[in-house]
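K.L.:
Quick one: sequence and predicted model below, then my questions.
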Amino acid sequence: MDEIGLNRDKYARKKHYQKVYKDKHSEESRNVKFCVRALGKTDFSDKQATKHLNKFKHKNDNKSERYRPTVTDYLNKTGTFLQMNVAWDDRNMMGKKENWKIYLNEFARVRKNWEIVPATRVAEELELQFLAKQLTNSTKIADLGCGQASISRTLNQYCKIDSYDIHTETNDGSVTIADIEHIPKPKGYYDICIMCLSLLGKYKNKLREVFRLCKAGGQIILWHPKSVSEKLLTKLRDFKPLIREIEVKNQDRFVEINIKRSRA
C-alpha cells in the first residue's frame, strides 16, 4: 500500500477511536480510554490495541464493578446516607438487584441510630386514623418505593396496601415489581400515596406519577432528607395547580410533607 493509502487508513482509525472515546457509556469506550492512557495517543495500530486490551481484560476479569457506582461509592462521596439517598442514581438499582439489596441493608444499618424512622412514623400515624375510623378497609393506599414493605406489614390488619418497588425480596406477592415512574393503575386510583425516602436520582417524573395516581381530594405523604429538602420543595412548585393544601414539618433529620390533592 502506498504512503497515501497508509495515511488514509491511519486517519480513519484515529477518527473512529476519537469518536468512541467521547462515548462515556460503551464498553469499547472504556477500553479505548485504557489504551489512550497506556500509549498516550489515539492513532495506535490495531495490533497494539489488541495487545493492551487483552492484557487489560485479563487483569480485570473480576473487576466489572470498577466502572459501576456502588452504594459504598456514594456513601464515601456524600458522607451520609441521607445525601446518598438523593444522589444515588436509581437506574443502578433497577439494573442490578444486588446493588438494591446492598442499599436496603445499608439503610437498615444506619436507621438504627435515627430517633425517627420515617416508615415507622407513617405507619403509626395511619394506624391512628384507622382506629379513629377516619380510614376504612376500603381506603386505597399506595406505598411507592416501599423497600421491605414495612408499612404494609404494619397495617395489613386494617386494609391491603399496594406496595411497589423495582425489586423484591419476597415471593408472596406483597410487593409489586414496577418502575415507580410508571405504575400500572389508572389516574386518580388511590386515596393516599406514600413516598418515604424513595425519591432517588432525578425525581420530577416520580412526582408527576404520584400526582397522577392520587385522586382529587386525596392525600400525598412525602418524607425526604432535610439537608436537601429545598430542592424537593422547589420541584413541588411545578405542581402548584394540583395542590390544595401543603404542610411541611421538620422531623429530626427529615422533612414530612403532607399534601392535599386539589380537584383540578
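P.N.:
Looks like it came in fine. Because the structure is a prediction, the values reported are computed rather than measured.

K.L.:
Gly217: what's it in contact with?
P.N.:
The contact partners of Gly217, taken as CB atoms under 8 Å, 6 or more residues apart in numbering, are Arg244, Lys260, Arg261, Arg263. C-beta coordinates here come from the backbone N, C-alpha and C atoms, glycine included.

K.L.:
Can you classify it as helix, strand or coil?
P.N.:
Of the three states, Gly217 takes strand under DSSP: H, G, I helix; E, B strand; the rest coil.

K.L.:
Quick check: it vs Leu144, distance?
P.N.:
Look at Gly217 and Leu144: by CB to CB, to the nearest Å, they are 19 Å apart.

K.L.:
Could you give the number of residues near the closest residue to Thr170 other than its chain neighbours?
P.N.:
Leaving aside its sequence neighbours, Thr170 sits nearest to Ala149 (CB to CB, 6 or more residues apart in numbering; 7.6 Å). Using other CB atoms under 10 Å, Ala149 is surrounded by 21 other residues.

K.L.:
isn't Ala149 right next to Ile177, touching?
P.N.:
No: judged on CB atoms under 8 Å, Ala149 makes no contact with Ile177 at a distance of 11.9 Å.

K.L.:
Confirm for me that Leu242 is in contact with Arg263.
P.N.:
No: if you go by CB under 8 Å, Leu242 and Arg263 don't touch, sitting 9.4 Å apart.

K.L.:
ok, these two, which is more surrounded?
P.N.:
Using other CB under 10 Å as the criterion, Leu242 and Arg263 rank with Leu242 on top: 19 against 8.

K.L.:
contacting residues around the residue nearest to Thr170?
P.N.:
Asp143, Ser163, Asp165, Thr170, Ser174, Val175.

K.L.:
Any quick PyMOL command for the buried ones out of those residues?
P.N.:
Here is the PyMOL command that selects the buried residues among these (16 or more other CB atoms under 10 Å):
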select buried, resi 143+163+165+174+175
